[in-house]
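Q: Pasting the sequence and the predicted model now:
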There are 2 protein chains.
Amino acid sequence: MNSDDTQERPTERVGQVVEQVGHVVEHAGHAVGQTVEGIGAYIRSQRELADVSLRQLARTAGVSNPYLSQIERGLRKPSAEILQQIAKGLRISAEALYVRAGILDERPASVVTDAVLADPTLTERQKQVLLDIYSTFRRENDQSVVPGTPDKE
Amino acid sequence: MNSDDTQERPTERVGQVVEQVGHVVEHAGHAVGQTVEGIGAYIRSQRELADVSLRQLARTAGVSNPYLSQIERGLRKPSAEILQQIAKGLRISAEALYVRAGILDERPASVVTDAVLADPTLTERQKQVLLDIYSTFRRENDQSVVPGTPDKE
DNA sequence: CGCGAGTGCTAGCAGTTGCAAGCGCTCTGC
DNA sequence: GCAGAGCGCTTGCAACTGCTAGCACTCGCG
């Protein structure tokens, strides 16, 4: 019995460790895959929102259209420079793409509120107006799950 | 006398033109070199400020030391991910390195603009709307020239 | 002196990035 | 029907990125 228990325990432990390692790897792969596929899907969604073909965006961004296609499908991982060019073509900020690509950390939600409140060039009334609009926008986004909002986090 | 003056004038002019061209080329090279060599030189200067050897930084950053050496000497251009790792090893913000590498623009004068652009809970359209209103408010405040009197608006 | 530890760099290589050439498809006009 | 324009994608390739193995050098110690 004791020798049976002794032999089963190491096996169980090994199995659990392997399971946990597998889980971590799977989890890490999921996170990595999410970041890579996320930026491509986001670029495509922004492009479709702008009602622009892949070739048109490739041209205005100064990127080859096959490469842009590969990026959108998650087959390639673009450099920051390419993301910058794509952002220019989409007329959005490069920072937005960097955040989704995991290059740049996202800002906590309160940063906007804090920044507005601390801005010395605004009157108190203007601050309230801006923050009201900001709150409204975010409420809308929570309810409607807009495609441009990554909800997978 | 007159013939001496005539011969000295053209020579002086040619020399000045050559000098100006050389100055422009030198200036352009300096600007380009500044971005590429700038990030490497900056990393080296930060490393020396921290009194850390190249190998120590490479280890804490999780980067190979030959590659870090090449980066510092401007022979290679690191990706944003590598810059992120180096920033971690140097205990400085990745953004500081991104700015010097030309990946990220310098902070806008307004913290509000920065925060809004980086906010992932807003769509790109909403960001533009908010920033347009923000710009309008600030323009109004500039015209009325009453920065210290918020209640008059 | 020799040795070990540490230094920064060279050279070659595997994998990745971004491109050009080209494909098959759809739609429109003649 | 055909030709042309546009669409998104496949494939192969050159250049680049980041690494490993190893080198020459300096310094301190016995």
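A: Good, I have the coordinates.

Q: Extract the residue ranges of chain A that are flagged as low pLDDT.
A: Low-confidence segments of chain A, defined by pLDDT under 70, are located at A:1-37, A:106-109, A:143-153.

Q: Got the domain ranges for it?
A: In the domain annotation for chain A, the residue ranges read A:2-106, A:107-153 (automatic domain parsing).

Q: From DNA strand C, how far out is the residue in chain A that chain B sits nearest to?
A: When you check chain A against chain B by CB to the nearest CB, the closest residue turns out to be residue A:123, at 3.9 Å. C-beta: built from backbone N, CA, C; applies to glycine. In this view, residue A:123 and DNA strand C are 45 Å apart by CB to the nearest atom of the strand, to the nearest Å.

Q: One more: residue A:77?
A: Per CB to the nearest atom of the strand, residue A:77 is found 4 Å from DNA strand C.

Q: Give me the helices and strands touching whatever helix or strand residue A:111 lives in, please.
A: Take DSSP states H and E as the rule and residue A:111 turns out to sit in helix A:110-118. Here helix A:110-118 touches helix A:124-144, helix B:111-118, going by 3 or more CB pairs under 8 Å, 6 or more residues apart in numbering or on different chains; DSSP states H and E.

Q: Distance to residue B:51 and mean neighbour count added to these, as CSV?
A: What follows is the helices and strands packed on helix A:110-118, written out as CSV (distance: least, CB to CB, whole Å; neighbours: other CB atoms under 10 Å in any protein chain shown):
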stretch, distance to residue B:51, mean neighbour count
helix A:124-144, 45, 15
helix B:111-118, 33, 21
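
Q: And these: which comes nearest residue A:76?
A: With respect to residue A:76, and counting by CB to CB, the nearest of these is helix B:111-118 at 24.7 Å.

Q: near DNA strand D, which residues of chain A show up?
A: Where proximity means CB under 7 Å from any atom of the strand, the interface of chain A facing DNA strand D comprises A:53, A:54, A:55, A:56, A:65, A:66, A:69, A:70, A:72, A:73, A:75.

Q: switch the cut-off to 10 Å
A: Taking CB under 10 Å from any atom of the strand as the contact definition, chain A meets DNA strand D at A:40, A:44, A:47-48, A:52-59, A:64-73, A:75-76, A:79, A:81.

Q: among those, which ones are buried?
A: When these are checked for burial by 16 or more other CB atoms under 10 Å in any protein chain shown, the buried set is A:40, A:44, A:47, A:52, A:54, A:57-58, A:68-69, A:71-72, A:76, A:79, A:81.

Q: Next, the angle from the helix or strand that residue A:100 is a member of to helix B:124-144.
A: Residue A:100 belongs to helix A:94-101 when assigned by DSSP H and E. Taking axes from the mean of the first three to the mean of the last three CA atoms, to 10 degrees, one finds that helix A:94-101 is oriented at 150 degrees with respect to helix B:124-144.

Q: Please convert the helices and strands packed on helix A:110-118 to a markdown table, extending it with distance to residue B:98.
A: As requested, these are arranged in a markdown table below (distance: least, CB to CB, whole Å):
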| stretch | distance to residue B:98 |
| --- | --- |
| helix A:124-144 | 26 |
| helix B:111-118 | 13 |
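
Q: And the helices in chain A?
A: The residue ranges that make up the helices of chain A, judged by DSSP state H, are A:2-49, A:54-61, A:65-72, A:80-90, A:94-101, A:110-118, A:124-144.
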